[in-house]
Each structure stands twice: as structure tokens, then as C-alpha cells.
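Trainee: task: produce atomic coordinates for the following.
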Amino acid sequence: MAANKKSYLRNAQTQVQKGQLDRAVASYRAILKIDPRDVKIHNALGDIYIRRSMKQEGIKEYLWVADYY
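Mentor: Numbering: from 1, shown residues only. Predicted coordinates:
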């Protein structure tokens, strides 16, 4: 399971670098299915949503992170 998470994370990081934000979101969501409490992934999703002008979704992710801490 950890190998899958690492694979999805590498894919997501590459996709973000290439500007393939829709694919990166899908990869990050796959990671959250494996580990729903991964704070870094929730924060990264918030960042992508804000970059895509999806403010409500971004705020939701940031609030999840804030509640966690």
C-alpha cells in the first residue's frame, strides 16, 4: 500500500510541474483514498484548487488542515 501511495505522489508532483492540474487532483484524491488523514495532501489539493479558481474547494481543504492542527 505504501508503494502505491509513493507512486501516486510521484505522479501528482510530475503532473503539477507539467501544469496537468486535473490529473494531479485525481492522483491526490487516490492518495486520500489510501490515507484520508494525510495533511500534506489535503494542503496540496487546497493549493491546486486555488490555482484553478475553485475557491470553495480550496477553502474546504485548508479548513480540514486547520482543524487537524
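Trainee: could you list the buried residues of the helix or strand where residue 56 lies?
Mentor: Using DSSP states H and E, residue 56 maps to helix 55-68. Neighbour counts over helix 55-68 (16 or more other Cβ atoms under 10 Å) mark 58, 61-62, 64 as buried. Every C-beta, even on glycine, is put in place using the N, C-alpha and C of the backbone.
Trainee: residues contacting that helix, please?
Mentor: Contacting residues not belonging to helix 55-68 are listed as 37, 39, 42-43, 45-50 [Cβ atoms under 8 Å, 6 or more residues apart in numbering].
Trainee: looking at those residues, which are in helices?
Mentor: Counted as lying in helices by DSSP state H, out of these, are 39, 42-43, 45-50.
Trainee: who wins for neighbours among these?
Mentor: residue 45 (26 neighbours; other Cβ atoms under 10 Å).
Trainee: does that one touch residue 27 like I think?
Mentor: No. Using Cβ atoms under 8 Å, residue 45 is not in contact with residue 27, being 10.2 Å away.
Trainee: now do the contacts for residue 48.
Mentor: Contact partners of residue 48, counting by Cβ under 8 Å, 6+ apart, are 16, 21, 24-25, 28, 58.
Trainee: mind doing that once more with 6 Å?
Mentor: By Cβ atoms under 6 Å, 6 or more residues apart in numbering, residue 48 lies in contact with 21, 24-25.
Trainee: how near is the closest residue to residue 51 other than its chain neighbours to residue 52?
Mentor: Distance criterion Cβ to Cβ, 6 or more residues apart in numbering; nearest residue to residue 51, sequence neighbours excluded, is residue 21 at 6.5 Å. According to Cβ to Cβ, to the nearest Å, residue 21 stands 6 Å off from residue 52.
Trainee: next: residue 5.
Mentor: 23 Å.
Trainee: who has more neighbours, the two?
Mentor: residue 5 (17 against 13).
Trainee: hang on, the earlier thing: wait, which of the buried residues of helix 55-68 is closest to residue 9?
Mentor: For these, the minimum distance to residue 9 (Cβ to Cβ) is 16.4 Å, reached by residue 61.
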